[in-house]
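Asker: Let's see this in three dimensions:
(one chain, ligands or ions: 1)
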Amino acid sequence: MQLAKRLEKIPPYLFAELNRKREELIAQGVDIINMAVGDPDKPTPASILQAMREAIDDAANHNYPPYQGTQEFREAVVRWMERRFGVRELNPNTEVVCSIGSKEAIHNTFLAFVEAGDYTLIPDPGYPVYRTSTIFAGGEPFTMPLKAENQFLPDLSIIPEEIARKAKMLWINYPNNPTGALATWELFAELVAFCRQYDILLCHDHAYSEMAYDGYKPPSILQIPGAKDVAIEFHSLSKSYNMTGWRIGFAVGNAYAISGLSQVKTNVDSGVFKAIQKAAIAAYSTDEAELKAVMSVYQNRRDIIVKGLQSLGWPIAPPKATLYVWVPVPAGYSSTEFATLLLDKCGILVPPGNGYGASGEGYFRIALTIADERLAEAIQRMQDSGIRYC
Ligand SMILES: *Cc1c(COP(=O)(O)O)cnc(C)c1O
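Answerer: Numbering: from 1, shown residues only. The predicted structure is shown next:
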C-alpha cells in the first residue's frame, strides 16, 4: 500500500506537540480548561429543533435531495440575503447552491478553479482549509499577511504583478477567524476592483456573518455594486445557530462559479438531508430574538475574558464579532512557548497563533465556547501563576 503523494504535501498538524502534552497532563489528573475549539457548546435553538422533528416524520424528505438544494431552501436563502443584507435579485436557480456546511463548499471551489501551477491568494493567519485545499488542487498558496497595524486587513499592494496574473482566486473572511477583525467598505470595493482587473474569483468566507456584538451587522461582499461579476460568498449555519453538527450552509453569488462548484459537488456528494434543509429554512425565519439570545451568551463571555486579560496588563479591546479573542503573547515568548507555558503552569489549552499561518506568530486564540465560570477560572489561574502581559 502507498498513500498518494498529495497527502505528504499537507502541512503537519501544528498542535501535535500541544496535544501530546495535554494527554500527559490529563493522565496526571490535571483539570484542563480547553479554550482551543471553536465549537458552540449550547444547544440548537428550540424552533429549529421543532422544524427538524416535523420534517423527519415526513417521508417526502427521506429520499435523495436535489444536488443543488431544494427549491424551497434556495428561495429561502434568496429572501434571507435580501432581508439581511439588502442584496436583491439573486436567482435561486443559478446563483445559490446548498452545501454540507461551508467547509465542503470551500474545498470544492478550489477543485473547481485551481489547476497545477495556479496561485491562490489566501490570508495569513487564516482558516487552514484555504491552504490545504490549494495544495490538494495542485496549486500554490500565496499568503497575504494580516497585520495588527493594518487592522488585520490584507494589503493588496504587496502582491507581485506576476502572482496576481497567475492567481485564480482570492480568499477573505470577515468577521475574521482567528483575529476577530472586521472588513471595511473600502477593502471590499478595492477587492472587487482588483479581482475584476486580474480576472480572479473573489471568495468571501462569511462563517461569522451573524456573530457580532454591540449592534454591529457584518456586511456581505455582494452589497458592493458589480461584486457578483467576480465574487461568491460562503455562508454557514454552524456557528450562528449552534448547528456545527448538522452540516449545512450555502454558496451564493457569481453564476459561473456556482455552476463550477455544483459540477464538482454533483460528482462527489449527494446533497444535504432534506429535513436539515427544512430546519435551516426555519433558522433563517427565526426572529432576531433567538439569535440575540445566542449572541448574548458569547458577549458575556467575551467581556469576562477581555476584562480579565486587561486586569493582567493586556492592551486589548473587545472584538466586535466572532467567537474568538486574538491575544498577543507577552514579550520574550514565541506563540508556542507561551501556549506551552499556559498549559504547563495553568492547565489552559489554547492554540498558538502560528497554527493559523506564519503571520499568526506572536498571538494565541481564545475560543468563547466554554462556560463563564471556566473562563473566569482561567483568568484566576493565570493571575495565581503570576502570568501578566507586562
Ligand atoms: C467554522 C468555520 C468554517 C466552517 O464551518 P462549517 O461548519 O463547515 O460550515 C469556515 N470558515 C471559517 C473561517 C470557520 O471558522
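Asker: what are the phi and psi angles of Gly117?
Answerer: Geometry field for Gly117 lists phi and psi as phi 90, psi -10, criterion degrees, to the nearest 10.
Asker: Just the pLDDT at it, thanks.
Answerer: Confidence per residue is given as pLDDT, and for Gly117 that number is 92.
Asker: right, and it touches Glu140 too?
Answerer: Yes. Contact between Gly117 and Glu140 holds when scored by CB atoms under 8 Å: they sit 7.2 Å apart. For every residue, glycine as well, the C-beta is placed using N, CA and C.
Asker: Please say which of those two ends up with more neighbours.
Answerer: Glu140 (15 against 9; other CB atoms under 10 Å).
Asker: Kindly report the residues of the stretch 151-300 of the chain close to the ligand.
Answerer: For the stretch 151-300 of the chain, the residues in contact with the ligand (CB under 6 Å from any ligand atom) are 173, 177, 205, 207, 236, 238-239, 244, 249.
Asker: From the structure, what's the count of residues near the nearest residue to Phe85 once chain neighbours are set aside?
Answerer: The spatially closest residue to Phe85, leaving aside those adjacent along the chain, is Ser220, at 4.1 Å (CB to CB, 6 or more residues apart in numbering). The number of residues packed around Ser220, counting by other CB under 10 Å, is 22.
Asker: how near is Ser220 to the ligand?
Answerer: Here the criterion is CB to the nearest ligand atom, to the nearest Å. By it, Ser220 lies 15 Å from the ligand.
Asker: contacting residues around that residue?
Answerer: 81, 84-85, 87, 204, 206, 209, 233 (CB atoms under 8 Å, 6 or more residues apart in numbering).
Asker: Go again with 10 Å.
Answerer: Under the criterion of CB atoms under 10 Å, 6 or more residues apart in numbering, the neighbours of Ser220 are 81, 84-87, 183, 188, 204, 206, 209, 227, 231, 233, 235, 252-253.
Asker: got it, and Gly139?
Answerer: If you count contacts by CB under 10 Å, 6+ apart, then Gly139 has 110, 113-120, 133, 166-169 around it.
Asker: next one: Glu82
Answerer: Contact criterion CB under 10 Å, 6+ apart gives 88-90 as the residues in contact with Glu82.
Asker: Would you mind giving the secondary structure of it?
Answerer: Secondary structure assignment for Glu82 (DSSP: H, G, I helix; E, B strand; the rest coil): helix.
Asker: Could I get the buried residue list for stretch 320-336?
Answerer: Taking 16 or more other CB atoms under 10 Å as the neighbour-count basis, stretch 320-336 is seen to contain the buried residues 320-329, 333, 335-336.
Asker: any idea of the mean pLDDT in that stretch?
Answerer: Mean predicted confidence for stretch 320-336 is 97.
Asker: And that stretch, how far out from the chain middle?
Answerer: Offset of stretch 320-336 from its chain centre (CA atoms, centre = their mean, to the nearest Å): 17 Å.
Asker: and what of stretch 289-304?
Answerer: 18 Å.
Asker: Over to stretch 327-344?
Answerer: Between the mean C-alpha location of stretch 327-344 and the chain-wide mean there is a distance of 24 Å, by CA atoms, centre = their mean.
Asker: Number the residues from 11 up from this point.
Answerer: In the new numbering, first residue 11, that becomes stretch 337-354.
Asker: In a markdown table: the buried residues of stretch 330-346, plus distance to the ligand.
Answerer: Shown next, in a markdown table, are those (distance: CB to the nearest ligand atom, whole Å):
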| residue | distance to the ligand |
| --- | --- |
| Lys330 | 16 |
| Ala331 | 12 |
| Thr332 | 8 |
| Leu333 | 8 |
| Tyr334 | 9 |
| Val335 | 14 |
| Trp336 | 13 |
| Val337 | 17 |
| Pro338 | 21 |
| Val339 | 22 |
| Tyr343 | 25 |
| Ser345 | 19 |
| Thr346 | 21 |
